[in-house]
Each structure stands twice: as structure tokens, then as C-alpha cells.
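K.L.:
The following comprises the amino acid sequence and a computationally predicted model.
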Amino acid sequence: MNKSGLVDRVANAAGVDKRKAELAVDALLQAIVDSTRAGERVSVHGFGTFSSTSRAARMGRNPRTGEAVPIAASTGVKFAPAAAFKALLNAKATKKATTKKAPGKKSAGGKKVAARKTAAKKTAKSSKKR
């Protein structure tokens with residue numbers, strides 16, 4: 001999704017015209033940029049936290065020539081998603097994993113039986129090829 005797609009979704013969800021939605025999206029993004037540029041953390045409950053990071057100057061190498069190249073100090077931004085956001089992202093993956101269990105014996109370790117079966121299959125396949 002790009003910015004215009006985001007503006008369309010905000011306009012539909014809020015029931016406002018696209019121009020007002022675009023102003024709201026621009027204001028939000030500008031507030032995040034301004035705050036992180038000032039070194040503040042921006043925390044949006046249920047979504048995540050934006051924070052600025054500093055990288056020191058260092059020496060790098062040109063991969064073609066192997067020559068040393070100075071890399072200037074820079075400031076970047078880091079985003080850490082909130083636990084609620086992560087849970088929503090992983091909800092579908094968890095449901096799929098729980099519904100598609102492979103049939104077989106369960107042991108106390110669970111993984112040991114599966115690992116032994118996989119190793120046995122690989123050994124059998126390699127012996128057939130010879």
C-alpha cells in the first residue's frame with residue numbers, strides 16, 4: 001500500500017472526503033518525523049514505537065576494489081511494533097499451524113520423534129540413490 005491507498009482507507013473509515021483524510025495522514029506523518037528528528041520517542045498505543053538511532057562514523061570497504069572508504073555518521077529511525085500489533089500479525093499463522101498438524105505419535109519431547117523420522121527418511125532416500 002502506498003500513501004494514496006492509505007488516504008483512501010482513512011477517508012472511508014472516517015467518513016470524510018479524501019482531502020481531509022490526506023491532511024490528517026500528512027499531519028500524523030509530519031508529527032512522527034518532527035518528534036523523532038528532535039530525538040523523542042513516539043509511542044502509539046497498540047501500534048508501536050518510533051525512535052531515532054545514531055550510527056557512528058566508521059571505515060568500510062569498497063567490495064570491487066577492496067579500498068577503504070569512510071562512512072559518515074548518520075541518524076536513522078527504528079520501529080518496534082507493540083505486542084498487540086505483533087499478535088494480530090501472527091494470529092493467522094498460529095491458526096494455520098494449529099489446524100495443520102501432521103499425524104503421528106506424540107512423545108514427551110514431541111520434536112525428538114519427528115526429528116528421528118526425518119533423519120530415517122533422509123537415510124532411506126540416500127541409500128536408494130546409491
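P.N.:
Great, that's in hand.

K.L.:
for the protein, what spans make up the strands?
P.N.:
In the chain, the strands defined using DSSP state E lie at 42-44, 48-55, 58-61, 68-71, 74-81.

K.L.:
of all those, which lies closest to residue 35?
P.N.:
Closest to residue 35 of those is strand 42-44 (CB to CB; 4.8 Å). Yep, even glycine has a C-beta here, placed from its N, CA and C like the rest.

K.L.:
For that closest one, what is the distance to the chain centroid?
P.N.:
Distance of strand 42-44 from its chain centroid, counting by CA atoms, centre = their mean, to the nearest Å, is 17 Å.

K.L.:
quick one: average pLDDT of that strand?
P.N.:
For strand 42-44, mean pLDDT is 96.

K.L.:
Show me what it pairs with in its sheet, parallel or antiparallel.
P.N.:
Using DSSP bridges, strand 42-44 pairs in its sheet with strand 48-55 (antiparallel).
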